[in-house]
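Peer 1: Make a model of this:
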Amino acid sequence: MLYNAKELKLTVKDTGLYHIIIDKGVFNKHNLKDLQLDRKKLERTLAARGLPPKKIYLMMMNDEGDMEIIRKDEVT
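Peer 2: Coordinates of the predicted model:
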């Protein structure tokens with residue numbers, strides 16, 4: 001049986017939807033624009049962390065700015 005957060009009396013923060021920013025190394029221009037992200041700045045930030053876009057399988061960001069990144073080497 002599956003329970004939802006309310007049934008388990010848990011408080012869950014609503015962080016909005018996740019938007020795909022990078023898919024298999026390619027930036028999603030539409031979502032960059034929607035989230036008002038600067039591609040060049042994001043590329044520099046990722047490169048400083050050793051994550052150029054070509055090494056990213058999937059990068060998502062929610063409406064609160066939280067990011068989830070899956071590197072290509074984690075899925076192959």
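Peer 1: Helices of the protein, start to end?
Peer 2: 29-34, 39-48 (DSSP state H).
Peer 1: of all these, which lies closest to Tyr3?
Peer 2: When those are ranked by distance to Tyr3, counting by C-beta to C-beta, first place goes to helix 29-34 at 32.0 Å. Any C-beta I mention is one placed from the backbone N, CA and C, and that applies to glycine too.
Peer 1: buried sites along that closest one?
Peer 2: Within helix 29-34, the residues that count as buried by 16 or more other C-beta atoms under 10 Å are Asn31, Leu32.
Peer 1: What of stretch 65-73?
Peer 2: For stretch 65-73, by 16+ other C-beta under 10 Å, it's Ile69.
Peer 1: Please report the distance of the closest residue to Ile56 other than its chain neighbours from Tyr57.
Peer 2: Nearest non-adjacent residue to Ile56, counting by C-beta to C-beta, 6 or more residues apart in numbering: Ile22, 4.8 Å away. The spacing between Ile22 and Tyr57, counted by C-beta to C-beta, to the nearest Å, is 8 Å.
Peer 1: between these two, which one's more packed in?
Peer 2: Ile22 (25 against 16; other C-beta atoms under 10 Å).
Peer 1: any low-confidence regions in this protein?
Peer 2: Judged by pLDDT under 70, the chain has its weakly predicted residues at 76.
Peer 1: in it, which spans are strands?
Peer 2: 18-23, 26-27, 56-62, 67-71 (DSSP state E).
Peer 1: what sits up against the shortest one?
Peer 2: Contacts to strand 26-27, defined as C-beta atoms under 8 Å, 6 or more residues apart in numbering, come from residues Ile21, Arg39, Pro53.
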